[in-house]
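Q: Here is my input, please return the structure:
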Amino acid sequence: MKPIRYFLLLSSVIAFLLTSCTGDNNEVVVYTSVDQVFSEPVLKEFEKQTGIKVNAVFDTEETKSTGVLNRLIAEKNNPQCDVFWSGDPMRADVLKQRGITETYRSPAASGINEVFIDKDYNWIGFSSRARVLLVNTNLVKPQDIPFSILDLTNEKYKGKFTIANPLFGTTSFHIAAIFAALGDEKAKQFMDDLKRNGVVIASSNGDVKKKVATGEVQMGLTDTDDANEAVKEGAPVKAIFLDQNGFGNLIVPNTVSLIKNSPNNDNGKKLMDFLLSVETEKMLAESCAQMPLHKGVAVPATVPSLDEIAPMKVDYATVAQKSEQIKEYLKKWAGQ
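A: Sure, this is the predicted structure:
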């Protein structure tokens, strides 16, 4: 090989190795459990504004939250991801407890209520959804709409309601929160009573929306973004906030975490700052009716305000632990 060609080849190899070792590529890797149709435009806007290429891994609807979570756990000793954008705090807290995330006090978090921020800043909440009972108004009279989730065990609702598989997504978070609120004995009784009352197990929250909208069932538990989609599609449905005079309605913020020893740590921080911004909250309010955690964000009239909802009091770390503890019970309950 001629000396000049050898020199050029050697220079290219050295440059590649230096870039790989320092993680100085102008890119960032994000794993997210948030629906691709809503999360991808936000990530594209970050790319546009910063010039940083985003390599995203999206969860599937059926394994919502657990697919990328398990991947992050498997990659703990060799991180491939910089940022975890979760659809709920429970998964973020599981990663914290396993030592997979690190502290980052993003300046963009100022103005967000500390109840939605991990005390060690291993995760920070933004744009929130709420769990709701979606009701088909053609099939259910106003006087027959339940006020509490516990009312769904009433025989008059037998076989007429649905929930998504409780092993995945926000439904798993919701059930774990109920266990934390009621205690194991009462919560198991509630779940067993639901099953005896003919609850229909849907494949996802989107499937819950579809079953209610088409009249396959009269009502179902889902999230405000799915409920908003049904309304926009013209379905005869109404979203009900439950337990407003009881233990409250579950609020489900997005969270973002920085992965420890990530390959593009600085760019990961930049992406976190962007996700926590007022701009991102405005985008998510407009695209999927998510409720901003920053005050004063202009949102469409169809987006409810957190100030209008009596929230369930939740210790996210406790709920994350409870989720792990009840996993085997829920597998049996769901017939898996």
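Q: Would you check how far apart Val208 and Ser39 are?
A: 20 Å (Cβ to Cβ, to the nearest Å). C-betas here are computed from N, CA, C, even on glycine.
Q: who's more crowded, those two?
A: Comparing Val208 with Ser39 by other Cβ atoms under 10 Å, the one with more neighbours is Val208, at 28 against 23.
Q: For the more buried one, give me the pLDDT.
A: What the model reports as pLDDT for Val208 is 98.
Q: Give the other helices and strands that the host helix or strand of it contacts.
A: Using DSSP states H and E, Val208 sits in helix 205-213. Judged by 3 or more Cβ pairs under 8 Å, 6 or more residues apart in numbering; DSSP states H and E, helix 205-213 is in contact with strand 124-136, strand 161-164, helix 169-182, strand 200-202, strand 219-223, helix 224-232.
Q: which of the ones you listed is buried the deepest?
A: Sort these by mean neighbour count, taking mean count of other Cβ atoms under 10 Å, and strand 219-223 sits at the top with a mean of 29.
Q: For that strand, the averaged confidence score.
A: Per-residue scores along strand 219-223 average to 97.
Q: Need the contact partners of it.
A: 129-136, 140, 145-146, 149, 157, 160-164, 170-171, 174, 200, 202, 205, 208-209, 211-212, 252 (Cβ atoms under 8 Å, 6 or more residues apart in numbering).
Q: residue ranges for the helices of this protein, please.
A: 3-22, 36-50, 66-74, 89-97, 169-182, 184-196, 205-213, 224-232, 265-275, 278-288, 316-325, 327-333 (DSSP state H).
Q: Could I get the buried residue list for the third one?
A: Taking 16 or more other Cβ atoms under 10 Å as the basis for neighbour counts, the residues of helix 66-74 that come out buried are Thr66, Gly67, Val68, Leu69, Leu72.
Q: just those residues: which has the poorest pLDDT?
A: Thr66 (70).
Q: show me what contacts it?
A: Asp59, Leu167, Phe168.
Q: Apply 6 Å and report the result again.
A: By Cβ atoms under 6 Å, 6 or more residues apart in numbering, the contact set of Thr66 is Phe168.
Q: Identify whichever of the helices and strands packed on helix 205-213 lies nearest to Ile240.
A: strand 124-136 (4.3 Å; Cβ to Cβ).
Q: which secondary structure elements does the closest one contact?
A: strand 219-223, helix 224-232, strand 237-240, strand 251-259 (3 or more Cβ pairs under 6 Å, 6 or more residues apart in numbering; DSSP states H and E).
Q: May I see the ones you listed organised as JSON lines, with distance to Tyr316 added?
A: Below are those laid out as JSON lines (distance: least, Cβ to Cβ, whole Å):
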{"stretch": "strand 219-223", "distance to Tyr316": "17"}
{"stretch": "helix 224-232", "distance to Tyr316": "19"}
{"stretch": "strand 237-240", "distance to Tyr316": "24"}
{"stretch": "strand 251-259", "distance to Tyr316": "9"}
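Q: wait, what's in contact with Phe247?
A: Ala181, Met312.
Q: Against Phe161, how distant is it?
A: 19 Å.
Q: what residue lies at the spatial centre of this protein?
A: With distances taken as Cα atoms, centre = their mean, Gly87 lies nearest the centre of the chain, 1.2 Å away.
Q: so how far is Pro311 from that residue?
A: From Gly87 to Pro311 the distance is 17 Å (Cβ to Cβ).
Q: What score does the closest residue in space to Gly198 that isn't next to it in sequence have for pLDDT?
A: Nearest non-adjacent residue to Gly198, counting by Cβ to Cβ, 6 or more residues apart in numbering: Gly159, 3.5 Å away. Note on Gly159: pLDDT of 97.
Q: Could you report the neighbour count for Gly159?
A: 11.
Q: ok so, going back, who wins for proximity to Ser33 among the helices and strands packed on helix 205-213?
A: Nearest of the helices and strands packed on helix 205-213 (Cβ to Cβ): helix 169-182, 7.5 Å.
Q: The residue nearest to Lys313 when sequence neighbours are not counted: neighbouring residues, count only.
A: Counting by Cβ to Cβ, 6+ apart, Gly248 is the residue found nearest to Lys313 once chain neighbours are left out, at 6.5 Å. When neighbours are counted by other Cβ under 10 Å, Gly248 registers 18.
Q: okay but Gly248 is in contact with Leu306, surely?
A: No: using Cβ atoms under 6 Å as the test, Gly248 is too far from Leu306 to be in contact (11.9 Å).
Q: Contacts for the helix holding Val208 next, please.
A: 134, 136, 162, 164, 202, 217, 220, 222-223, 226, 230, 235, 237.
Q: Show me which of those residues is closest to Ile52.
A: Distances from Ile52 to the contacts of helix 205-213, taken by Cβ to Cβ, are shortest for Asp223, at 29.7 Å.
Q: Run through the bridge partners of that closest one.
A: Beta bridges link Asp223 to Arg131 when assigned by DSSP bridges.
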